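Visitor: Generate coordinates for the sequence data below:
(one chain, ligands or ions: 1)
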Amino acid sequence: MVLNPVISKLAGKLVVLASASPRRLEILRSAGLRFEVVPSWFKETLDKGLFKAPYEYAVETAKQKALEVARRMPFKHLKTPDIVIGADTIVTVDGMILEKPVDKHDAYRMLSSLSGKEHSVFTGVAIVLCHEKENEEVDYQLIDFYEETKVKFADLSEDMLWEYINSGEPMDKAGGYGIQALGGMLVEYVHGDFLNVVGFPLNHFCKQLDLIYNFCTSSLKSTSSRSDSLATSVPTQPPSSSQALLSHNSSSIPRPSSPCDSQRLHTQITPTASPAHKVKREDSESESSQTLVNSTSKHTDNRKVKLHDNATLPLVTRRGQVVEPTRGDLERISELMDGFKASKALFTASKLCLFDLLHSRPGLDAAQVAQEIKASAKGTECLLEACVSLGLLKSTEKACQKPVYENADLATDFLRSDASFSLHGYLQHCNETMWPLFSHLESAVQEGTSQREKAFSKHMLQAASTSSREGKLRFMKAMHNIAKITGKTIATAFDLSTYKSACDLGGCTGALAYEFTEAHPGLSVTVFDLPAVVELNEFFRPQHPDNRVSFVAGDFLKDELPKADLYILARILHDLPDEKVHILLSKIADACTAGCGLLLSEIFLDEDRRGPSRGLLQALSMSEGKQRSATEYSLLLKSHGFITAHIRHTDNLLDAMLCIKA
Ligand SMILES: Cc1cn([C@H]2C[C@H](O)[C@@H](COP(=O)(O)OP(=O)(O)OP(=O)(O)O)O2)c(=O)[nH]c1=O
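Guide: Numbering: from 1, shown residues only. Model (predicted):
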C-alpha cells in the first residue's frame, strides 16, 4: 500500500506508550512521535497453550497491556489518553515461545536453542483509541496486528554463548538477545522488518495509522451523511479476529466522528444497550458476545462472563458501570493482598540462612535442607516451593527423583550474607523491627505516632532498639547493606572535583565514604557518627581500607562538626522531626563558608506525592520524620542558605541533590 504522512496526524493528541521497553520508546521517538510513557502493569502470564498460533499470544498480550493502561489512566492519572499503544515481542523456535529469560541459565537455554537455526520474531501491537464522552465515560476501540521477521543465528560455541550471556545484555530481551547491540554478532541474516525484532514494527504501525487517520477519515467524510447510521448500526461484516471494539458503556453510541470506518477497518461498532463490557476476539465468539450484550441488562454484578482466555470472572461495577475485572487487575490486587506473605517468606528464608546454604551446597532436596536448617520437613518444603514461585530459588526435577533446589540469580546477588550487594542485614532489620511495627499500622494511623512501645515488649524493645549492642549491630548491618547498594550511584551522581574534604554525617559504617574516596581520587572523607557506632565499626572495615576515610565520634545535633568543604547527608533527614532537621541544617550552615557543598541523598517523592510507593510506604512506619519531594528538600535547604545546583533522580534506591552554600 502507498504510505501517507501519519505521525503528524497524532499531533495534539495524548498518545501513550504502554511499555517500559527503552527500545520501543527510542523507535517511536526517533520517528518524531510525541507521547507519554505509562508502563503496563499487565503480567505476561497468559496461558500459551490456549493460543493456536504464537502470534495470537503476542497480540493478546499486547492488547491486555494497552487496555490495562487505557483503563487505569482515567482513574490513576485523572486523564484519558486519546491513543494507547501496547506491544509484545516473542521469539519462536521449534514450536516454543521464548520471552525474556528469568536468569542466566534460562538465557543459555534460549540462546542454545537458537544456535545455528532460523527462528521467527513476532511483535504483536495493539492500538487502543479512547473516546471520552460528555458523561466522562470512555469507549475503547481496538486495532491490533502483528509482524513476523525471520532471523538466522550462526552456530555458537559454548564460549561465545557464555561471553554473550555474561555481558548482561540478554536479560531483558525476548529470546535472550538484542539484535541492535552485541547480539548483532550472532545473526547471519534477517528477513523482514529489523525494527520488529528490536521490539516495534514501525512501518506496519504507520500503515495502520494511515488506515485509521487517512483512509478512514476520508471515508468517513465521504459518508458523513450516513455517519449516524454507520455508528449505530451493527455491522454487516463480522469483526476480524484481530480487530475489535470494546465498549464500556450501556448507552454507548460511538460519536459520528469516530475515527474509523467500521466497514473498512472491520472494527465492530456496536450500540451496546446494556452495561456489559465486552471483548470480541474470534468470529466464533460473535454470537456469545452478542448474547451477553443483549442479556446483561437483566443481570446483576455477580454474573459471569467469558474472558479472552476462557476463564470466567465475575463482573464488577466501576463508576456506576458494570465491567469485567481483567486478569491484570486481579493479579495486582492479589499481589497486594499477599504481599505480606511474600515478604515474610523472604525474611524467614533469609533468617534461616537458606540462601547461604544453597549457595555453598546447591542441589539439596527439601529433606536435606530441612536437616541443615534444623526445621520441619513439611515447613521447609513449603518454604522452598514458595521461594521458587517468588523467583528466589530454582528447582529441578530429575525422573522419579525429588526436586532439588539452588539459588536463582536474585538470591545469589542480593540474599547471600556475603554477597557484595547483600541485603541480608537489611532483611533482618525488616523482620525484627519493621515487621512488628507494621503489624501495629492501624493504631499508628489512628494515633499518628510510632508504635514502638506497643510493638515490642520491654525486653524486645531493648533488643530491637539501637540502644542495645545487638540492636545497634543489626541496624548498622541494615544501613551498611543500603549504603553498599546505593553508594556508587550517590558518589558518582555529581562532579565533585572541586571538593577536597567531605564529612559524611551519620555515615555509620563508612560504606558510603569508601565509595566517595574510590570515585574521587582527590577527596578525603570523615565519617561522623555516635561514639557507640564508631566503636562497632571494626566489624565492617573493608579488607584494604582506604586511609583517606577517617572516623570521628560525636553527636551531629550537639557537638561541633568536623571541618569539610562538602557535607553528606544520606538517609538522615527523613527520619528526624522538623526541629531536629533545623538544628542539624543550622549547624551545617554555620560550619560552611560560601561555596561549600551539601550533598543530600534520600528517596525523593514525586512532586504530586503519588509515588514512589517505596517512599510513601516508608512514611507509614511513623518515625518522627517525613518524606519530601525534591522541591520540598530544595526549599528546606534554601531556608538554611543552600542553593540547589543539581537534582538526580536515580534508578537506584536513593536519589541525590547537590546544594551550594550561598
Ligand atoms: C529479539 C529482541 C528483543 N528485544 C526486546 C524488545 C522488548 O523490549 C523485549 C521483549 O519484551 P516485551 O515483553 O515485548 O517488552 P518489555 O517487557 O521490554 O516492555 P513492556 O512489556 O513494558 O512493553 O525484548 C530487543 O531489544 N532486541 C531483540 O533483538
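
Visitor: just the strands in the stretch 51-200 of the chain please.
Guide: Counting by DSSP state E, counting those that start in this stretch, the stretch 51-200 of the chain has strands at residues 83-93, 96-98, 118-132, 138-153, 187-191.

Visitor: Which among the ones you listed is found nearest to S623?
Guide: Among the strands of the stretch 51-200 of the chain, strand 83-93 comes nearest to S623, with 39.4 Å by CB to CB. Heads up, the C-betas are built off the backbone N, CA and C, glycines and all.

Visitor: counting contacts, what elements does that closest one pack onto?
Guide: strand 15-17, helix 54-76, strand 96-98, helix 104-114, strand 118-132 (3 or more CB pairs under 8 Å, 6 or more residues apart in numbering; DSSP states H and E).

Visitor: Same list (the ones you listed) but as TSV, adding mean neighbour count, distance to the ligand and mean pLDDT.
Guide: Converted to TSV, the helices and strands packed on strand 83-93 look like this (neighbours: other CB atoms under 10 Å; distance: least, CB to the nearest ligand atom, whole Å; pLDDT from 0 to 100):
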stretch	mean neighbour count	distance to the ligand	mean pLDDT
strand 15-17	24	8	96
helix 54-76	23	6	93
strand 96-98	18	9	96
helix 104-114	19	10	96
strand 118-132	23	5	95
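
Visitor: Make JSON lines out of those and add distance to S450.
Guide: Converted to JSON lines, the helices and strands packed on strand 83-93 look like this (distance: least, CB to CB, whole Å):
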{"stretch": "strand 15-17", "distance to S450": "41"}
{"stretch": "helix 54-76", "distance to S450": "30"}
{"stretch": "strand 96-98", "distance to S450": "49"}
{"stretch": "helix 104-114", "distance to S450": "43"}
{"stretch": "strand 118-132", "distance to S450": "45"}
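
Visitor: Tabulate the strands of the stretch 51-200 of the chain (JSON lines), appending distance to L561.
Guide: Listed next are the strands of the stretch 51-200 of the chain as JSON lines, based on distance: least, CB to CB, whole Å:
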{"stretch": "strand 83-93", "distance to L561": "52"}
{"stretch": "strand 96-98", "distance to L561": "57"}
{"stretch": "strand 118-132", "distance to L561": "56"}
{"stretch": "strand 138-153", "distance to L561": "57"}
{"stretch": "strand 187-191", "distance to L561": "58"}
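
Visitor: where does this protein dip in pLDDT?
Guide: Counting by pLDDT under 70, the chain has low-confidence residues at 215-323, 457-467.

Visitor: the domain parsing of it - what is it?
Guide: Following the assignment in automatic domain parsing, the chain carries domains at 7-222, 329-419, 482-661.

Visitor: In a markdown table, list those along with distance to K454.
Guide: Formatted as a markdown table, the domains of the chain follow (distance: least, CB to CB, whole Å):
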| stretch | distance to K454 |
| --- | --- |
| domain 7-222 | 34 |
| domain 329-419 | 18 |
| domain 482-661 | 11 |
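
Visitor: for the strands of the stretch 51-200 of the chain, which one sits closest to I490?
Guide: Of all these, strand 83-93 comes closest under CB to CB, at 34.5 Å.

Visitor: Residue numbers of this protein in contact with the ligand?
Guide: Proximity of the chain to the ligand is confined to 19-21, 23, 39-40, 44, 65, 87-89, 91, 100, 121, 172-175, 177-180, 183, 197-199 under the rule CB under 6 Å from any ligand atom.
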